[in-house]
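Undergrad: Fold the following.
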Amino acid sequence: MKFGIDRLLADPELRKPLEGRRVALVAHPASVTEDLVHSLDALIAAGVNVTSAFGPQHGLKGDKQDNMVETADELDPTYGIPVYSLYGEVRRPSAAMMASADVFLFDLQDLGCRIYTFVTTLLYLLEAAQEQGKSVWVLDRPNPAGRPVEGLTLLPGQESFVGAGPMPMRHGLTLGEMGHWFIRHFKLNVDYRVIAMDGWEPEGPGFGWPLDRVWINPSPNAANLNMARAYAGTVMIEGATVSEGRGTTRPLEVLFGAPDLDAKAVLAEMQRFAPEWLEGCALRECWFEPTFHKHAKSLCSGLMIHAEGPFYDHHAFRPWRLQALAFKAIRRLYPDYPIWRDFPYEYEFTRLAIDVINGGPGLREWVDNPDALPGDLEAAAGADEAAWKAEVADLLLYR
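TA: Here you go, the predicted structure:
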């Protein structure tokens, strides 16, 4: 199969509309060809007039570790073109930035999750392109989490840099498809094109990620496919006091870790309360000591997720529910445990981070309500998931 960048490079007819136009590239470390050449180098070698580049959160180089760690603008040392940061002084591209090119090629590997900020960066670029009369092309890449949809829909007024619009946590789209939804939902008038993949099979081997392609971190903590599959759940730990494994070699692949919790007891409570939400993966008790971040240099008891190998069932695995269940089990076993982390999160300073992450308070309120049952969350999320699937069904480019 071929990703969008590979098709663009292989087909002169696809590149023809770029002739005589200034081109910008939005990229990160995973923006590579099938031969592992970075898209910036490959496009320039193919004769495309690249006049600027843009880096999203974590930077074009992917060197920034955590949330709200900003990247500065710079000049590319090889090509002498400006490299603008969309996670620095601004997150929306300015008019001066947009003036650097006529066509913007968006070539970011995504994780298929609303909170992964590349989704919002695409929306902001489309809105800026409408204002400045520019063109946007998405060089499409796989959604490694595949087509499953999961989570509560973001509520009106809960928009943020990790919540671009009313979609569930796990949206099931590629970024090329998401661009079409943004244009329709927000009624944007912008010259938009998707250079689609050739041969991507969301239900084929790999269930989203093709087996013949190398995985490269699109962000520092997205180290492998297991993380990508679990992320729609484990990312919620960013809004909790327990550790998501940052500061270890397997970040965002654990349901939790803390020095004052008994992981074995939490797992037993999860199995008792909602055993059907544990399907599709294996959970393993583990111990780790983060070198930095939450609980640094403290021995943590935790649970490791294995959504891989013989333990993985693509359609049974529901990471958002699994993570919600872990929070609920902690609350039931330790009623006074301070689960929710109160700190500035992605430039939101008044709302709890867990609510920003979930696009509203529904998940937190379900966890904290001692009378709330699995069916209550299932009913709310199930309705939202069904509505989203119906809304985007006609936008799917790969069936």
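Undergrad: For Leu155, which three-state class applies?
TA: The three-state label given to Leu155 by DSSP: H, G, I helix; E, B strand; the rest coil is coil.
Undergrad: count of neighbours near the nearest residue to it once chain neighbours are set aside?
TA: Leaving aside its chain neighbours, Leu155 sits nearest to Gly360 (4.0 Å; criterion: CB to CB, 6 or more residues apart in numbering). Where you see a C-beta, it was placed from the backbone N, CA and C, and this is true even at glycine. Neighbourhood size, Gly360 [other CB atoms under 10 Å]: 19.
Undergrad: in the stretch 201-350 of the chain, which spans are helices?
TA: Along the stretch 201-350 of the chain, counting by DSSP state H, counting those that start in this stretch, helices occupy 225-234, 263-273, 319-333.
Undergrad: Report the buried residues of the last one.
TA: What it means is helix 319-333. 319-331 (16 or more other CB atoms under 10 Å).
Undergrad: Any chance of those in a markdown table with distance to Glu289 as columns?
TA: Below are the buried residues of helix 319-333 laid out as a markdown table (distance: CB to CB, whole Å):
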| residue | distance to Glu289 |
| --- | --- |
| Pro319 | 25 |
| Trp320 | 28 |
| Arg321 | 29 |
| Leu322 | 24 |
| Gln323 | 22 |
| Ala324 | 27 |
| Leu325 | 25 |
| Ala326 | 20 |
| Phe327 | 23 |
| Lys328 | 26 |
| Ala329 | 23 |
| Ile330 | 20 |
| Arg331 | 25 |
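Undergrad: Nearest to Glu34, out of the helices of the stretch 201-350 of the chain?
TA: Minimum separation from Glu34 across the helices of the stretch 201-350 of the chain (CB to CB) falls at helix 225-234, 17.4 Å.
Undergrad: Got phi/psi on Ser85?
TA: Backbone torsions of Ser85, given as degrees, to the nearest 10, read phi -100, psi 130.
Undergrad: got a list of what it touches?
TA: Phe54, Gly55, Gly59, Glu70, Thr71, Ala72, Asp73 (CB atoms under 8 Å, 6 or more residues apart in numbering).
Undergrad: Now with 10 Å, please.
TA: If a contact means CB atoms under 10 Å, 6 or more residues apart in numbering, then Ser85 has 54-57, 59-60, 64, 70-74, 91, 93, 97 as its contacts.
Undergrad: repeat for Lys297
TA: Gly247, Glu289, Pro290, Thr291.
Undergrad: circling back to that earlier point, would you reformat the helices of the stretch 201-350 of the chain as a markdown table and include mean pLDDT and distance to Tyr192?
TA: Shown next, in a markdown table, are the helices of the stretch 201-350 of the chain (pLDDT from 0 to 100; distance: least, CB to CB, whole Å):
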| stretch | mean pLDDT | distance to Tyr192 |
| --- | --- | --- |
| helix 225-234 | 98 | 26 |
| helix 263-273 | 98 | 43 |
| helix 319-333 | 98 | 29 |
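Undergrad: Strands along the chain, start to end?
TA: 23-26, 50-55, 74-75, 82-85, 103-106, 135-139, 191-195, 254-258, 282-288, 300-306 (DSSP state E).
Undergrad: Of all the ones you listed, which one is nearest Trp366?
TA: strand 254-258 (16.7 Å).
Undergrad: which non-adjacent residue is nearest the residue nearest in space to the middle of the chain?
TA: In the chain, the C-alpha nearest the mean C-alpha coordinate belongs to Tyr116, at 2.8 Å (CA atoms, centre = their mean). Spatial nearest neighbour of Tyr116, chain neighbours left out: Asp110 (6.1 Å); criterion: CB to CB, 6+ apart.
Undergrad: In contact with the nearest residue to Asp376 once chain neighbours are set aside: list those residues for me.
TA: In space, Asp376 comes closest to Trp366 once its chain neighbours are excluded; the distance is 6.3 Å by CB to CB, 6+ apart. Counting by CB under 10 Å, 6+ apart, Trp366 touches Leu152, Ala324, Phe327, Lys328, Arg331, Ala372, Leu373, Pro374, Asp376, Leu377, Ala380, Ala381.
Undergrad: List just the nearest of those to Asn221.
TA: Phe327 (20.1 Å).
Undergrad: Could you pick out the longest helix of this structure?
TA: helix 374-392 (DSSP state H).
Undergrad: Please consider this matter closed, and thank you.
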